[in-house]
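1. structural data only, the sequence is not supplied:
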């Protein structure tokens with residue numbers, strides 16, 4: 001994960017002289033409520049803006065929810081919470097109202113704790129088991145298992161809500177001064193096993209249940225107060241306490257202690273309302289990652305205020321979506337329903353993108369399918385070392401308004417059955433949905449990502465061909481840019497079509513596009529698709545599995561005699577559909593099989609078009625005798641070598 005010191009990250013500094021504005025609100029952050037927020041918006045250039053969240057001026061607490069986050073130890077920064085040996089983790093959860101009784105409590109939220117036993121009835125789970133962490137010096141004890149029935153196999157489960165650094169687990173009945181007669185202290189657990197799990201995905205079974213490992217066992221326990229030392233200290237989220245004796249027992253308290261930073265901490269922003277659709281630029285942050293820790297940043301964006309869909313089961317047994325303004329409103333209504341009337345709760349994939357993959361480093365472009373009004377981000381901090389952590393000072397989101405169009409829909413033709421390694425003519429069409437009444441400005445620049453350098457053959461605006469002096473083209477190896485000169489795409493009638501030729505190299509190619517307005521300082525807008533395949537091109541099935549092809553040499557007969565004509569031959573070939581890189585070499589042999597020349601010594605290669613020259617000389621730089629020679633191309637894959645060859649003739 002990329003790191004940036006606070007003083008070196010330009011993305012979080014306010015531009016000098018730029019106007020400062022506050023925006024905010026709860027639970028929605030609205031640009032209209034300018035006086036209610038401690039977020040700074042600065043105009044970078046014209047209508048490109050920056051949202052700054054964090055540091056002393058813009059407190060994180062105003063902008064989202066904390067899961068194991070500490071924002072007080074280092075003011076202005078967020079970092080994972082730290083626990084110390086003098087704190088009973090279970091009791092702290094209890095005191096904060098975040099320890100629930102039962103395996104599936106209705107009001108449980110991520111980061112909350114749970115305690116339950118499948119061997120105790122519902123009411124005991126809900127009301128009495130959490131008291132094992134109340135820390136109260138009284139005579140109330142959990143005595144449900146002080147009974148005649150055998151207690152062998154009775155199990156109590158604890159979920160701390162997150163992986164904590166744990167060094168000690170302790171449990172005991174009422175004893176000492178609070179039990180002068182010894183009536184309770186003799187009801188200690190006569191045999192036990194203690195298991196643990198750190199909560200990581202790789203330690204869960206196929207159903208998401210923890211796979212526990214044993215950390216302590218005593219089949220014939222004689223200690224009233226059982227202290228299990230966890231050495232070396234380890235991250236633990238789930239604890240399983242199993243009684244291995246049939247005798248009755250009581251419990252007064254369970255304690256879990258340790259010191260260090262929590263392994264997993266999350267800041268999730270509120271849904272940020274930009275007031276109208278916006279195009280997104282870069283996301284940057286200022287943070288530190290200590291050894292053994294890392295932080296990750298995710299985003300998602302949408303077109304309405306709710307990221308979830310809550311359903312109820314109506315009177316005729318059908319699912320009916322709850323239509324509240326916010327997720328919190330829908331959640332409250334959903335929880336108020338009888339349990340048998342609660343339907344599923346699912347992500348709103350229709351109006352929201354899923355969470356992005358984590359950004360590789362600060363300063364990357366925010367993923368978005370197109371202009372969106374609403375945005376949410378998440379910061380995840382992880383540590384494998386209890387003494388170290390990651391910290392973040394501030395985070396900046398770049399966006400611009402107005403947008404170029406409500407939508408820019410793209411299609412490419414042909415989409416199927418194209419040959420690999422050969423030049424193919426494509427038609428790339430952009431259909432705008434422009435709303436001038438809402439300030440959409442249109443565009444005059446189209447940028448298309450191409451697999452190889454492209455050549456434009458025609459440009460059409462509103463289905464009318466443009467003259468070559470009405471547009472300008474810039475083409476690079478993987479990018480094609482078309483600039484309209486004195487023309488704009490600023491109405492629904494102004495579809496833009498670019499016809500170009502390029503060489504596809506892999507079986508499935510997506511021709512991503514961006515549009516820009518050159519006359520104003522606005523961010524680019526992504527070309528969207530109505531159907532997933534609209535900008536995707538698939539090769540002919542004949543090319544499935546082909547890696548090396550189009551091997552040829554030109555001219556096949558060449559004359560390196562110094563007259564300036566046909567002084568060399570060019571060996572050309574195409575590498576298709578390869579992931580990553582592989583060693584490549586090109587050699588020339590005489591017909592007896594002896595190496596004549598390493599034309600291309602071994603080096604890494606990837607998908608692409610290749611041309612290698614041979615000037616008719618051997619390894620010593622001497623001209624070879626006239627005759628036929630074999631050239632051989634070898635691409636060394638992980639599991640297989642791919643070869644191509646041909647014959648050229650040297651003549652004088």
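-> All right, it came through fine. Worth saying up front: this structure is predicted, and the values here are computed from it rather than measured.
2. out of everything not next to it in sequence, what's closest to the most centrally placed residue in the chain?
-> When C-alpha atoms, centre = their mean is applied to the chain, the residue found nearest the centroid is residue 357 (1.6 Å). Of all residues not flanking residue 357 in the chain, residue 298 sits nearest, at 7.6 Å (C-beta to C-beta, 6 or more residues apart in numbering). No exception for glycine: its C-beta is placed from N, CA and C like everyone else's.
3. my read: the one you found touches residue 367, true?
-> No - the criterion here is C-beta atoms under 8 Å, and residue 298 misses it with residue 367 at 9.5 Å.
4. shared neighbours of those two, anything?
-> Listed as contacting both residue 298 and residue 367 by C-beta atoms under 8 Å, 6 or more residues apart in numbering are residue 356.
5. which SSE is immediately downstream of the lowest-mean-pLDDT helix or strand in the chain?
-> Sorting the helices and strands of the chain by mean pLDDT, DSSP states H and E puts strand 40-45 at the bottom, at a mean of 36. Once the chain leaves strand 40-45, the next helix or strand it forms, by DSSP states H and E, is strand 48-54.
6. and that next one, what does it pack onto?
-> Packing partners of strand 48-54 (3 or more C-beta pairs under 8 Å, 6 or more residues apart in numbering; DSSP states H and E): strand 40-45, strand 272-289, strand 390-400.
7. now do 7 Å
-> Contacts defined by 3 or more C-beta pairs under 7 Å, 6 or more residues apart in numbering; DSSP states H and E place strand 48-54 against strand 40-45, strand 390-400.
8. residue 454 and residue 529: what is the separation?
-> Relative to residue 529, residue 454 is positioned 20 Å away (C-beta to C-beta, to the nearest Å).
9. looking at those two, which is more packed in?
-> A count of neighbours by other C-beta atoms under 10 Å puts residue 454 above the other of residue 454 and residue 529, at 26 against 19.
10. show me what contacts that one?
-> Counting by C-beta atoms under 7 Å, 6 or more residues apart in numbering, residue 454 makes contact with 475, 480, 500, 501, 502.
11. try 6 Å
-> For residue 454, the contact set (C-beta atoms under 6 Å, 6 or more residues apart in numbering) comprises 475, 480, 500, 502.
12. and residue 310, how many neighbours?
-> For residue 310, the count of nearby residues is 25 (other C-beta under 10 Å).
13. ditto for residue 598
-> Applying other C-beta under 10 Å, we find 12 residues neighbouring residue 598.
14. find the nearest non-adjacent residue to it, please.
-> In space, residue 598 is closest to residue 587, 5.7 Å off (C-beta to C-beta, 6+ apart).
15. for residue 330, give me phi and psi.
-> With angles defined as degrees, to the nearest 10, residue 330 sits at phi -70, psi -40.
16. would you mind measuring from it to residue 322?
-> 5 Å.
17. who touches both of those two?
-> Residues touching both residue 330 and residue 322 (C-beta under 6 Å, 6+ apart) are residue 310.
18. please enumerate the strands of the stretch 251-400 of the chain.
-> For the stretch 251-400 of the chain, the strands defined by DSSP state E, counting those that start in this stretch cover 253-257, 260-261, 264-269, 272-289, 293-302, 308-313, 319-321, 342-347, 364-365, 372-383, 390-400.
19. please apply the same query to the stretch 101-250 of the chain.
-> For the stretch 101-250 of the chain, applying DSSP E, counting those that start in this stretch gives strands covering 113-116, 155-172, 192-197, 213-218, 226-243.
20. need the winner for burial among the ones you listed.
-> Ranked by mean neighbour count under mean count of other C-beta atoms under 10 Å, the strands of the stretch 101-250 of the chain are led by strand 113-116, which reaches a mean of 24.
21. just how off-centre is it within its chain?
-> Distance of strand 113-116 from the chain centroid (C-alpha atoms, centre = their mean, to the nearest Å) equals 30 Å.
22. show me how this protein divides into domains.
-> Per automatic domain parsing, the structural domains of the chain span 6-79+266-307+348-400, 85-258, 407-540, 548-650.
23. can I get the ones you listed in CSV with distance to residue 313?
-> Converted to CSV, the domains of the chain look like this (distance: least, C-beta to C-beta, whole Å):
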stretch, distance to residue 313
domain 6-79+266-307+348-400, 19
domain 85-258, 17
domain 407-540, 32
domain 548-650, 47
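24. would you mind telling me which of the ones you listed is nearest residue 314?
-> For the domains of the chain, the distance to residue 314 is smallest for domain 6-79+266-307+348-400, at 19.6 Å, taking C-beta to C-beta.
25. any idea which of the domains of the chain scores lowest on pLDDT?
-> Looking at the domains of the chain, the lowest mean pLDDT belongs to domain 6-79+266-307+348-400 (a mean of 80).
26. how far is it from where the chain is centred?
-> 15 Å.
27. now the helices for the chain?
-> Secondary structure of the chain by DSSP state H: the helices cover 89-95, 122-123, 327-336.
28. out of these, deepest packed?
-> Compared across the helices of the chain, helix 89-95 shows the largest average neighbour count, a mean of 21 (mean count of other C-beta under 10 Å).
29. how far off centre is that one?
-> Put simply, helix 89-95 sits 32 Å off its chain's centre (C-alpha atoms, centre = their mean).
30. same check, this time on stretch 331-348
-> Using C-alpha atoms, centre = their mean, the offset of stretch 331-348 from its chain centre is 28 Å.
31. returning to that earlier point: which of the strands of the stretch 251-400 of the chain sits closest to residue 184?
-> For the strands of the stretch 251-400 of the chain, proximity to residue 184 was assessed by C-beta to C-beta; strand 253-257 is nearest, at 12.1 Å.
32. could you dump the strands of the stretch 251-400 of the chain into a markdown table with distance to residue 224 added?
-> Shown next, in a markdown table, are the strands of the stretch 251-400 of the chain (distance: least, C-beta to C-beta, whole Å):
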| stretch | distance to residue 224 |
| --- | --- |
| strand 253-257 | 12 |
| strand 260-261 | 29 |
| strand 264-269 | 35 |
| strand 272-289 | 45 |
| strand 293-302 | 40 |
| strand 308-313 | 49 |
| strand 319-321 | 54 |
| strand 342-347 | 45 |
| strand 364-365 | 58 |
| strand 372-383 | 36 |
| strand 390-400 | 42 |
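33. nearest to residue 91, of those strands?
-> Short answer: strand 253-257, nearest of these by C-beta to C-beta, at 7.3 Å.
34. in strands, which of the contacts of residue 454 fall?
-> Mapping these onto strands (DSSP state E) picks out 475, 480, 500, 502.
35. which of those lies closest to residue 446?
-> Nearest to residue 446 among the ones in strands among the contacts of residue 454 is residue 480, at 8.3 Å by C-beta to C-beta.
36. how many neighbouring residues does residue 566 have?
-> If we define neighbours as other C-beta under 10 Å, then residue 566 has 15 of them.
37. now the residue lying closest to residue 68 once chain neighbours are set aside, which residues is it bridged with?
-> Nearest non-adjacent residue to residue 68, counting by C-beta to C-beta, 6+ apart: residue 265, 4.2 Å away. Taking DSSP bridges, one obtains residue 381 as the residues bridged to residue 265.
38. likewise for residue 79?
-> Beta bridges link residue 79 to residue 70 when assigned by DSSP bridges.
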